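In: Make a model of this:
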Amino acid sequence: MNSMISSSKGKSGDLGKITKKAPEGACACCIQLCTPADTYNIDFEQSAGLSPKQKAAIIGEMVHLDFLFFE
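Out: Okay, the predicted model is just below:
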């Protein structure tokens, strides 16, 4: 599952991409099946020139949305 991070509506992925990682191994598979824990990977576009504060805001919003929709 991929989600694109965009600076405005209609710009597909100009800031980065969020990918839900598949479980690696039996233990990770059991954890993902039995708990609400998910593992994600964020790839920021180098050309976007994001500051560390902007990257932290994107990560914080990702955690917020995960809590909002899945809790």
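In: Now the residue nearest in space to the middle of the chain: which helix or strand?
Out: Among the residues of the chain, the one closest to the centroid is residue 18, at 3.7 Å (CA atoms, centre = their mean). Under the criterion DSSP states H and E, the helix or strand holding residue 18 is strand 16-20.
In: hey, C-alpha coordinates of that strand in CSV?
Out: What follows is the C-alpha trace of strand 16-20 in CSV, where atoms were taken according to Å, rounded to 0.1, in the frame of the first residue of the first chain:
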residue,chain,number,x,y,z
GLY,A,16,7.4,11.9,-0.6
LYS,A,17,5.8,8.5,-0.3
ILE,A,18,4.5,6.4,2.6
THR,A,19,4.6,2.7,2.2
LYS,A,20,3.1,0.1,4.6
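In: List the contacts of the following helix or strand past that strand.
Out: As assigned by DSSP H and E, the chain's next helix or strand after strand 16-20 is helix 26-34. For helix 26-34, the external contacting residues (CB atoms under 8 Å, 6 or more residues apart in numbering) are 23, 37, 38, 39. C-beta here means a position set from N, CA and C on the backbone, and glycine is covered the same way.
In: average model confidence for stretch 30-43?
Out: Mean per-residue pLDDT for stretch 30-43: 84.
In: gap between the two ends of that stretch?
Out: End-to-end distance for stretch 30-43, by CA to CA, to the nearest Å: 26 Å.
In: Kindly report the same for stretch 30-40.
Out: End residues of stretch 30-40 are separated by 17 Å (CA to CA).
In: Same question for stretch 19-27.
Out: Termini of stretch 19-27 sit 20 Å apart (CA to CA).
In: What residues sit buried inside it?
Out: Along stretch 19-27, not one residue counts as buried under the neighbour rule (16 or more other CB atoms under 10 Å).
In: how far is that stretch from where the chain is centred?
Out: Using CA atoms, centre = their mean, to the nearest Å, the mean C-alpha position of stretch 19-27 is found 14 Å from that of the whole chain.
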